[in-house]
Each structure stands twice: as C-alpha cells, then as structure tokens.
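[1] Sequence and predicted structure, then a few things I'm wondering about:
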Amino acid sequence: MAASKAVKNNKKPKNENGKSKSSSTKSKPASSSSLPLALTALVAVLAFVIGVLTPPLRHLIHELSSSTESSSNASIVSNNIPIPHVPCTSTNLDNYLHASPVPGLHILCIEALHLDNNGNEIPSADDNDTHYSHQRQLQKSNSLRITFYKRSHVPKLKRRIIIRASEHGVRYVRDMQWRALYGRIVTELGLSSSSSSSINIDIERKKNKQPWAIYTALGQRIVGELDHYDTNDDDASNDDDNVVYQMASSEMLLFTEGGNWIWPGVQIGFRRNVTLSTLASQSQSQQQQQEQVVTIETLSLQPLVLSITGFLNDDECDYISKTAEPRVRYSQVSLMDKDKGKKSSEWRTSQSTFLNSANDDILTEIDNRVASLTRIPKTHGEYVQVLRYGPGEKYDAHHDYFNPLLYKHDVNTLKLIENGKKNRFATVFWYLTDVYEGGETIFPRAGGKSPPGDYGNCEVGLKVKPVRGKVIIFYSLNAAGDMDEYSLHGACKVGEGNVKWAANKWIWNAPMGYIPDKITSRYT
C-alpha cells in the first residue's frame, strides 16, 4: 500500500501574527490535549494499537450486567498524533476502489488548493520539496477540491466539488470549521436531503444505526457523525477548525456509514502490507514497543473475508490451547425463537471456553495486535473464545450477528443488541493447529450463492484450511452497518486422527464493556 511519509506535526499553523487562533486550553472529555508530554508521546506510539461461533447468551449478559457502558461517540483526540498523508494518486486509489459498488463505504479525496480570483490554480513553488511541500501548500491554501468516489467504486461514480474558504468567512483552509463541510459531504453522499452547511443529526438514523465516521486511509479516526462542538466554547471551536485541517492533511479519506473501520477488499487475491504495533503490557516503555508487518489477502468480497498468515507465533498458539485445555466444555448456542427446546448438539459438537486477558501479558498483547489489525478499539471486543474440535466434530453454518427479527421473544437478546443498533461487526478467527483432514471454515454463500439446502454440507462454498498461526477476518455487518446474510459460515467435520484447536475474537460495532481501554487513541 503506497503512502507518503506521515506529516511531522498536525497542529494548525499559526496565523500571520505568529499566534495560534485560540490560546485557550480548556480540557475536553475525549481529548488528550491536557495530558503530560510523556503520556502524549505514548499516545502517539499507541495510535495504531488501540484501536465462529455464537456462545451462550448468558456469557454476554453476565459480563455486561456489571459493566458501565462507554459512549460509542468519540471526540477529536490529541492533535499531536501524526496524520498520515496518502495522496490521491491513481496507484493509491487502486488500493481502495472496487470494480463493483460497496454499500456504505465511500472514498473521499480532499485536496488543498490555492486559487486566484478567476478560479485558476496557483502552483506551489515547493512542488519539488516532497517532504514539506504538502504542509506548506496547506498553510496558504484558500480552497478545497473534494472528489467523491461513492460506494468506493471506480471513477464511474465520481463527483467533484470546489469549496472556497471565503464562502465561509475565512481566508485560508486552515481556518475553516468542520460545520462548513459537514452538510456538503453528507448531502453529496445521499445521507441528508438538506444542503445546509450546519450540523444536523438524522434522528431516525440515530435510533437504528451507529453514527458514521471518517478515517484516514490507514485507519485513524478523524471525526464522526455525533462528535459535537459547543459553539460558545472557544476551545471547542478550535477543535472544529482542526477537523478540516486534519482531513486536508490526510488527503485520502474513508467514510464508513456504519461508523467502524473496514479494510477495503478491492478484489479477490488483493494483498496489502500493514504494520501492527503493540505493547506486551501497559507498563512497557516506548522503547519496548513491538512492531509486526503482516500481509492481508482478500479471499472473498461477498462476504468480505480476509486472511493474515503468521499473525500468531508457535509459542502463542501453544500457550492459548494449553491455558484453555483444562477449562473447555461442550459448547452451547443462543437459540432463536424457532429453536427453543432443542439441544445445542444438533448444530454444534465442539468444546469451548472463554479466556479473560486481564493480568495476562500474552493475551493482552494479542488483544492489542487484534485492535491494531482491525483498526477497531479493544473496548468493542469480547473475551477470546477458545475451541477444540475432535474427530468428527463440527458446527453447522450460522451467522455471528443477532437478527432481531429472529429473537422477538428473547428479551435479553433484544436488550443486549438494543433492538439491532448494536451487533457483532466482525470475527477474527485464529487457527492454533494445523489440521490435515477436514476442519475447514466454510462460507457456503461466498460469491453471492443461494442459501444451502443443508447447513451441515461442506461441499459448496469458500473453504479456508486451518494453518497454525493464521487468522482470518470476516465481517458480519457491511460498511453500511447492515447485517450481511452472505457471512453465513460453519466449521466442517474434523477428519479421523486430527484435533483442531482454534480461537475467535468477536468485535462489536460499539463498546461492550469487556475489555477496558485505559489509553487514549485515535481509534476511540
């Protein structure tokens, strides 16, 4: 994935008199601007850190009953965290655009321009200085050119608009407020019928959907639908201004209607390299930070299934299975209304248990790595579920999300998912052992196939063979936040003489209260 160097400093430049626009430093709940310098540095390091099988519902209810739900609406975080600049070149766009439209996923290119009175672009004198030219251009730019690739489709759905800073009472782009773009962006994307530049929340959408969000091309969250600003607060106004500056600093942006980051699949076989950052424990110093480069490969677009080889090392695989082995018991499932009274073994014959990463450095490090991989905060995840499949054991095809229409008489489930607003968004599935015969994860509807006649059949569909250390990510909800019926998946019977150890991390579309995230990051 091509990208230019991350900018060194994303603080808004000073005005011509040498002073910042606002000298107020009043603290805000989700901002780290008031943190000590040392902690702020740690925040920057952790920016990329933080960010298949339904268990018994009582597991969820028990764990959530004593937790305090945290807000799913994040405010702008520290301006000291570098924003990666990914220019909208054709090469970079090829890493994000798709041949067919993707519901709920939009690519935005926001280019800062210096236009004369006739609308002609004045070229930058620093064009040959690749290290600083982009930042220098931002400081003197008076207009924005926004290109919309709706539904992350190839340029057939492209639309471009020009917005001048002077239209909003300021001279430079660096002084533009977020509310100046908010209305134009949501209107262009068809999320609002109002062309007003004011911030108007769609109340009906808010009842049933998680708020949308805008990310850099590498998954750092910049702003969301419900991020709010107090117009009577000078400090809030300054944050408001800085959103536009951060968006222009990034240049290429991803807009997700469902509000959570999702890796663009692009096409089957597409690969991108991603750097993961993690700390083995909260006490580790910046110098002890570990990094890992992994390759994400697209196995399927419908549903979106991604594969990452070598995510776990052999020691981690052994540690997880050995820790879980004394605790595993035959698995249960959450029964839909139509299946009440039936035995779980009719669908699922594996054994499982849950492991809490609290006070466990190895599991905590893996939690951090999963958050860095998915670009979704740890607070959205459940405890890891460890699975053991012996010879002949399996799990018939099912969905990981909870369809509220199928749980109308289950008050606890409806309360848990807030009647559908909250749900499992993605599953990160870990293979802890090689399996030489059977044991594949199957997606019977991959590629848009019809529902199978037999949900235990493992003959038709995408089959992923268990390989020790590999993980796959599959998304139960699409980028729009809607349930993806094609995410139907199952575990094929394990062959004679084989044992399959695996584990999975369910990630929700909102914080769930299992895993606290004590460190502020751009993913929260």
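    Looks like it came in fine. As the structure is a computational prediction, the values presented were derived from the model and not from experiment. Numbers count the residues shown, from 1 in each chain.

[2] Quick check: chain neighbours aside, which residue is closest to residue 403?
    Spatially, and ignoring its direct neighbours in sequence, residue 403 is nearest to residue 483 (6.2 Å; C-beta to C-beta, 6 or more residues apart in numbering). All C-beta atoms are positioned from the backbone trio N, CA, C, and that covers glycine.

[3] give me every residue that touches that neighbour.
    Residues in contact with residue 483 (C-beta atoms under 8 Å, 6 or more residues apart in numbering) are 399, 401, 403, 423, 476, 477.

[4] Next, count neighbours for residue 355.
    16 (other C-beta atoms under 10 Å).

[5] Relative to residue 367, how far out is the nearest residue to it once chain neighbours are set aside?
    Nearest residue to residue 355, sequence neighbours excluded (C-beta to C-beta, 6+ apart): residue 384, at 5.2 Å. Here residue 384 is placed at a distance of 8 Å from residue 367 (C-beta to C-beta, to the nearest Å).

[6] Need the residues touching each of the two.
    Jointly contacting residue 384 and residue 367 under the rule C-beta under 8 Å, 6+ apart are 357, 505.

[7] bridging residues for residue 254?
    Beta-bridge pairing for residue 254 (DSSP bridges): residue 107, residue 215.

[8] That one against residue 106, yeah?
    Yes - contact status for residue 254 versus residue 106: in contact at 7.4 Å, counting by C-beta atoms under 8 Å.

[9] what stretches of the stretch 151-300 of the chain score poorly on pLDDT?
    Flagging of the stretch 151-300 of the chain using pLDDT under 70 yields the residue ranges 156-157, 193-206, 228-241, 278-290.

[10] Let me see the ranges of the strands in it.
    Using DSSP state E, counting those that start in this stretch, the strands of the stretch 151-300 of the chain run over residues 158-164, 213-216, 221-224, 252-256, 271-278, 290-301.

[11] Which one of these lies nearest to residue 490?
    Smallest distance to residue 490 across the strands of the stretch 151-300 of the chain (C-beta to C-beta): 14.7 Å, for strand 290-301.

[12] Tell me which strands that closest one pairs with, and in which orientation.
    strand 271-278 (antiparallel), strand 304-308 (antiparallel).

[13] C-alpha coordinates for it, CSV please?
    Written as CSV, here are the backbone C-alpha positions of strand 290-301 (Å, rounded to 0.1, in the frame of the first residue of the first chain):
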residue,chain,number,x,y,z
GLN,A,290,7.0,-4.2,19.2
GLU,A,291,6.0,-4.0,15.5
GLN,A,292,5.0,-6.6,13.1
VAL,A,293,4.4,-6.3,9.4
VAL,A,294,1.6,-8.6,8.1
THR,A,295,0.1,-9.1,4.7
ILE,A,296,-3.7,-9.0,4.4
GLU,A,297,-5.1,-11.0,1.5
THR,A,298,-8.7,-10.8,0.2
LEU,A,299,-10.3,-14.3,0.0
SER,A,300,-13.8,-13.1,-0.7
LEU,A,301,-15.7,-9.9,-1.3
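
[14] Please point out which parts of stretch 454-471 sit buried.
    Across stretch 454-471, burial judged by 16 or more other C-beta atoms under 10 Å covers 458, 461, 462, 463, 464, 466, 468, 469, 470, 471.

[15] Show the model's pLDDT score for residue 15.
    On the pLDDT scale, residue 15 is placed at 41.

[16] same thing with the one 3 residues further on?
    Per-residue confidence at residue 18 stands at 38 (pLDDT).

[17] and what of residue 42?
    Per-residue confidence (pLDDT) for residue 42: 46.

[18] What about the residue nearest to residue 355? Give its phi and psi, please.
    Per-residue torsions, residue 384: phi -70, psi 140 (degrees, to the nearest 10).

[19] what's the answer for residue 466, then?
    phi -60, psi 120.

[20] Relative to residue 437, how far out is it?
    Using C-beta to C-beta, residue 466 is found at 10 Å from residue 437.

[21] List the contacts of residue 417.
    402, 404, 423.

[22] how many neighbours does the first one have?
    When counting by other C-beta under 10 Å, one arrives at 24 neighbours for residue 402.

[23] Can you tell me the element it falls in?
    Here residue 402 sits in a region with no helix or strand, counting by DSSP states H and E.

[24] Find the residues that touch each one of residue 254 and residue 106.
    Taking C-beta under 8 Å, 6+ apart as the criterion, residue 254 and residue 106 both touch residue 152.

[25] Bridging across strands, which residues link to residue 426?
    Assessed by DSSP bridges, residue 426 has beta-bridge partners residue 475, residue 507.

[26] tell me the contacts of it?
    Contacts for residue 426 were tallied using C-beta under 8 Å, 6+ apart; they are 262, 374, 376, 473, 474, 475, 476, 477, 506, 507.

[27] which one among these gets closest to residue 274?
    Set against residue 274, the nearest of the contacts of residue 426 by C-beta to C-beta is residue 374 (10.3 Å).

[28] quick one: contacts for the closest one?
    Listed by C-beta under 8 Å, 6+ apart, the contact set of residue 374 reads 51, 261, 426, 428, 473, 507.

[29] how about TSV for those, with distance to residue 192 added?
    Output for these, formatted as TSV (distance: C-beta to C-beta, whole Å):
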residue	distance to residue 192
51	28
261	22
426	27
428	34
473	31
507	28
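
[30] quick check, nearest of those to residue 146?
    Ranked by distance to residue 146 (C-beta to C-beta), the contacts of residue 374 are led by residue 261 at 20.7 Å.

[31] Distance of the closest one relative to residue 137?
    Residue 261 is 27 Å from residue 137, where distance means C-beta to C-beta.

[32] Same question for residue 445.
    Residue 445 is 47 Å from residue 137, by C-beta to C-beta.

[33] Pick out whichever of those two has more residues nearby.
    Between residue 445 and residue 137, residue 445 has the larger neighbour count (other C-beta under 10 Å), namely 23 against 20.

[34] Poorly predicted segments of the stretch 301-450 of the chain, please.
    Within the stretch 301-450 of the chain, the segments meeting pLDDT under 70 span 331-348.

[35] can you pull out the helices in it?
    Along the stretch 301-450 of the chain, counting by DSSP state H, counting those that start in this stretch, helices occupy 314-324, 361-374, 411-416.

[36] in the longest one, what counts as buried?
    What that stands for is helix 361-374. By 16+ other C-beta under 10 Å, the buried positions in helix 361-374 come out as 363, 364, 365, 366, 367, 368, 369, 370, 371, 372, 373, 374.
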